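1. what would the 3D arrangement of this be:
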Amino acid sequence: MGARQSFYVESLGESSTTSATEQVKTTLTFTPDANSDYWLIASGAFTCSSTIDNHQGQVDLWHNEASTALFYQAGQVKEPSSPQDWIAFFGIAKLSFGASPGQQNIDVQYWSSHSGDTTKIKDVRVLVIKADAADKYAESLTQDTTTSTSYQTKTTLTFTPATTGDYLVIASAVRASDANGAAMRARLNYVTGSFTYGDKTWYCKDDFDNQAFATMEKLTLSTASQTFRLEYRSESGTLCYIQHARILALRLDKFDNSYFASNQSVQNTSSASDQDFLTLTATPLALGHAIIAVGAYNTVSTSVSAYFNVAKDGSSLAEVVREAPNTASWQDAGLAQQEALSAVSTTWKWRARAETGGTTVNVAGLAIAVLQLEATPAAARRRYMALAG
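-> Predicted coordinates:
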């Protein structure tokens, strides 16, 4: 094992624009190794002041040297104030480089679909980790559509582990529906294990919404062939879209240490104070770590907002808030962070609360992973001095 090369940038403060031209929130600049692959994970939140039809706040990750958007997401708020909606963006991607890659620049961009609308962005983080040969990946980036209410396959990951071991499996995609207020579903289908993850109804507010699907789980996989499918369908026959679909399986024993907790079940609260729904406690080494969190939430109200956040030792790392376009609508959120941790007991949590006590807020599909990126230092060797006789 040993160190996993990584690069990271964050810009947590709130920034805003009224421009319909892309603005740069932050840039990750790095020089990768030649002939290497890297995994990118990005997270943040955005909002827009307008509720006019087809008016959106927009975000993308723009890879300058490749002249391509790694993913694009957009959304219209339901509640522009008191409190303003903050929509999560999250996604994973694969970066591949040839013999002389040179310096790379990945911009987090944000802008308004219509000039004069105020789009804001915050809690932006971009993490890049060098791939290991034991990691596995599949993607389908083009936009596909269906009106079927039966699940359609967007991309498939099939591989056979060389040895039995633990994998951190992450799936993400961008989804949309072709009518205001329409619904669709996406899920990760672990075909071999006969289990699905993230199968929740998502309702758009506007038919130009393009928002994140994300799910994550730790699985122990045997040396048999393993198949995962990222699937999608319409909820009731309305045309729906999916693009930038990716499945990543990180081999966990290629990190010197890793810590994980999850709860895929639906839980709820009606409290106006933060309630804990998933807790991961670990005592890491005093080294750099990646912290990855994924979860989903729903408020059973179209007039009361839900708050959903990841916290470390009681302090929020990132929070989203949403007034639902439909009482059955679920939203996904995530966190991608790199931090030099201290060698003390540390606790991470997924938490949620209602804007007003008495309104039910549901959560599900919660997962937190902490991965040691630096190599564990070798134990100090004792020296003994011979005594003269």
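
2. going forward, measure contacts and count neighbours with C-alpha atoms only.
-> Fine.

3. where does the spatially closest residue to Ser345 that is not a sequence neighbour land on pLDDT?
-> Excluding the flanking residues, the one nearest Ser345 by C-alpha to C-alpha, 6 or more residues apart in numbering is Thr283, at 4.3 Å. Note on Thr283: pLDDT of 98.

4. now do Val294
-> So, for Val294, pLDDT stands at 98.

5. what of Ala378?
-> pLDDT at Ala378 comes out at 86.

6. the one 5 residues further on now?
-> On the pLDDT scale, Arg383 is placed at 59.

7. just use 41 as the starting number from now, easier for me
-> Okay, using 41 as the starting number, the last item reads as Arg423.

8. show me where pLDDT drops low in this protein?
-> Within the chain, the stretches with pLDDT under 70 are 41, 420-429.

9. mind checking which helix or strand Gln149 is in?
-> If you go by DSSP states H and E, Gln149 is part of strand 144-152.

10. on that earlier part again, just checking, the residue nearest to Ser385 touches Leu381?
-> No - between Thr323 and Leu381 there is no contact under C-alpha atoms under 8 Å: 9.3 Å.

11. those two - which one has more neighbours?
-> Using other C-alpha atoms under 10 Å, the more surrounded residue of Thr323 and Leu381 is Leu381, with 16 against 13.

12. list the contacts of that one.
-> Contact analysis of Leu381 by C-alpha atoms under 8 Å, 6 or more residues apart in numbering lists Pro324, Leu325, Ala326, Leu327, Gly328, His329.

13. show only the entries of those found in helices.
-> With helices taken from DSSP state H, there is no overlap with those.

14. highest neighbour count among those?
-> For the contacts of Leu381, neighbours tallied by other C-alpha under 10 Å; top is His329, 24 neighbours.

15. quick check: next helix or strand after the strand holding Gln149?
-> By DSSP H and E, the next helix or strand past strand 144-152 is strand 159-170.

16. now that following strand against strand 144-152, angle please.
-> Inter-element angle recorded for strand 159-170 and strand 144-152: 160 degrees (by axes from the mean of the first three to the mean of the last three C-alpha atoms, to 10 degrees).

17. who does strand 159-170 pair with, and is each partner parallel or antiparallel?
-> Pairing partners of strand 159-170, with direction, according to DSSP bridges: strand 46-51 (antiparallel), strand 55-57 (antiparallel), strand 77-88 (antiparallel).

18. I'd like those strands as a markdown table, with distance to Asp293 and mean neighbour count appended.
-> Compiled in a markdown table, those are given as follows (distance: least, C-alpha to C-alpha, whole Å; neighbours: other C-alpha atoms under 10 Å):
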| stretch | distance to Asp293 | mean neighbour count |
| --- | --- | --- |
| strand 46-51 | 17 | 19 |
| strand 55-57 | 39 | 18 |
| strand 77-88 | 17 | 25 |
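
19. dump these into JSON lines; add distance to Trp126 as well.
-> Output for these, formatted as JSON lines (distance: least, C-alpha to C-alpha, whole Å):
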{"stretch": "strand 46-51", "distance to Trp126": "16"}
{"stretch": "strand 55-57", "distance to Trp126": "13"}
{"stretch": "strand 77-88", "distance to Trp126": "5"}
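
20. closest to Ala114 out of these?
-> Taking C-alpha to C-alpha, strand 77-88 is the member of the strands paired with strand 159-170 nearest to Ala114, at 8.7 Å.

21. quick one: the closest one to chain centroid distance?
-> With C-alpha atoms, centre = their mean, to the nearest Å as the basis, strand 77-88 stands 7 Å off its chain's centre.

22. pull the CA atoms of that strand into PDB?
-> Below are the C-alpha coordinates for strand 77-88, written out as PDB (Å, rounded to 0.1, in the frame of the first residue of the first chain):
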ATOM      1  CA  ASP A  77      -5.800   7.900 -14.300                       C
ATOM      2  CA  TYR A  78      -7.400   9.900 -11.500                       C
ATOM      3  CA  TRP A  79     -10.800  10.000  -9.800                       C
ATOM      4  CA  LEU A  80     -12.400  13.400  -9.300                       C
ATOM      5  CA  ILE A  81     -15.100  14.000  -6.700                       C
ATOM      6  CA  ALA A  82     -16.800  17.400  -6.400                       C
ATOM      7  CA  SER A  83     -19.400  18.900  -4.100                       C
ATOM      8  CA  GLY A  84     -21.100  22.200  -3.200                       C
ATOM      9  CA  ALA A  85     -24.400  24.000  -3.200                       C
ATOM     10  CA  PHE A  86     -26.000  26.700  -5.400                       C
ATOM     11  CA  THR A  87     -29.200  28.800  -5.600                       C
ATOM     12  CA  CYS A  88     -30.900  31.400  -7.800                       C
END
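
23. which residues does the next helix or strand along the chain from it contact?
-> Where DSSP H and E defines the elements, the next helix or strand beyond strand 77-88 is strand 97-103. Residues outside strand 97-103 that contact it (C-alpha under 8 Å, 6+ apart): 86-88, 108-116, 129, 144-153, 158-160.

24. report the buried members of those residues.
-> 86-88, 109-116, 129, 144, 146-153, 158-160 (16 or more other C-alpha atoms under 10 Å).

25. what does stretch 361-370 contact?
-> Stretch 361-370 is contacted by residues 117-119, 123-127, 221, 240-245, 336-348 when judged by C-alpha under 8 Å, 6+ apart.
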